[in-house]
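> The sequence and its predicted three-dimensional model are supplied below.
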Amino acid sequence: MVQKTCVVVVSGERERLQMAAMVASVAAVSGHEVLVFLSMNALPLFMKANQALEAPSEGPMGNLMVSRRVPEYRSLFEQAVSLGEARIFPCSMAMDVLSIARPDLVEYLEEPTGLTKFLSDAQDSQVWTF
Amino acid sequence: MTEKKVVDGRGSFCPGPLMELIAALKNAQVGDELEVLSTDKGSAQDIPEWVNKVGHQHLSTHEADGVWHITIRKVK
């Protein structure tokens, strides 16, 4: 049976996004089925218009990651999709509150999904929250 | 006999070298050997873990002048 890993990302802080992207990408390339749910302050960073926007650092590690060649969280999420079995879902509630439409978001995301659907998909899986 | 392909992950951090290896594996043939170069010690430990977990073959790991050389064979 395929191991299922769910990653819930609500923070817009660089360190949390980075850790979430690492868990999602490494799980995806290790043969897990990976579901990522993007909501709250994490979601606007996945808008096409915000791709040059840097996520603010929570502390010194976040600043250091920029000056060193740490793979960017956006490319790790994209690799989770392209190299593994990851699917990334934007939260429909956050989209409503922020007035975001599907075409505003980067292409590698799935269709907007509500919590009810995500909770049912996340059943019997390992869930990581960032 | 196929030639060994070098994946240069030097200067990157976990999981950068692993991701570069996986991208290279997609384009490799079964039986090919790939050698990952990494300056990141965590990756040197993590890549063999991944290779064994997904069912490829870890051939060797050695360090020279701050660079880890991790050699693997694509099995499937």
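Yep, that arrived. Residues are numbered from 1 along each chain as shown, chains lettered A, B, ... in the order given.

> helix/strand/coil for residue A:54?
The assignment at residue A:54 comes out as coil when based on DSSP: H, G, I helix; E, B strand; the rest coil.

> Let me see the contact set for it.
A:14, A:66 (CB atoms under 8 Å, 6 or more residues apart in numbering or on different chains). For the C-beta atoms, the positions are set from N, CA and C on the backbone; glycine is no exception.

> Got the confidence number for it?
Looking at residue A:54, its pLDDT stands at 92.

> now swap in residue A:85 and tell me
Note on residue A:85: pLDDT of 84.

> Return the distance of it relative to residue A:60.
34 Å (CB to CB, to the nearest Å).

> Could you do residue A:37 as well?
Separation of residue A:37 from residue A:60 (CB to CB) stands at 29 Å.

> in chain B, which helix has the most residues?
Longest helix in chain B, counting residues (DSSP state H): helix B:41-54.

> what residues does chain A put near chain B?
Selection of chain A residues close to chain B by CB under 8 Å from any CB of the partner chain yields A:22, A:25-26, A:29-31, A:68-71, A:76, A:79, A:83.

> now the helices for chain B?
Using DSSP H, the helices of chain B run over residues B:16-26, B:41-54.

> what residues are up against residue A:126?
Counting by CB under 8 Å, 6+ apart, residue A:126 touches A:3, A:4, A:5, A:6.

> before we move on, the earlier item: quick one, which of residue A:37 and residue A:60 is more surrounded?
residue A:37 (26 against 9; other CB atoms under 10 Å in any protein chain shown).

> Backbone torsions only: list them for that one.
Here is the backbone geometry of residue A:37 (degrees, to the nearest 10): phi -120, psi 120.

> and what of residue A:65?
Dihedral angles for residue A:65 - degrees, to the nearest 10 - are phi -60, psi -30.

> pLDDT at it, what is it?
So residue A:65 comes in at 91 (pLDDT).

> Burial check on it, number of neighbours?
Counted with other CB under 10 Å, residues neighbouring residue A:65 total 18.

> how much space between it and residue A:59?
From residue A:65 over to residue A:59 (counting by CB to CB), the distance is 11 Å.

> Could you tell me which residues touch both of the two?
Joint contacts of residue A:65 and residue A:59 (CB under 8 Å, 6+ apart) are residue A:15.

> Return the per-residue confidence for residue A:25.
pLDDT, residue A:25: 97.

> before we move on, what about residue B:28?
pLDDT, residue B:28: 95.

> Quick check: closest non-adjacent residue to it.
residue B:74 (5.0 Å; CB to CB, 6 or more residues apart in numbering or on different chains).

> May I have the phi/psi pair for that neighbour?
phi -70, psi 120.

> which residues does it contact?
Neighbour list for residue B:74: B:25, B:28, B:29, B:30, B:31, B:32, B:33, B:34, B:56 [criterion: CB under 8 Å, 6+ apart].

> now swap in residue A:25 and tell me
Shown in contact with residue A:25 (CB under 8 Å, 6+ apart): A:76, A:77, A:79, A:80, A:83, A:84, A:86, B:15, B:19.
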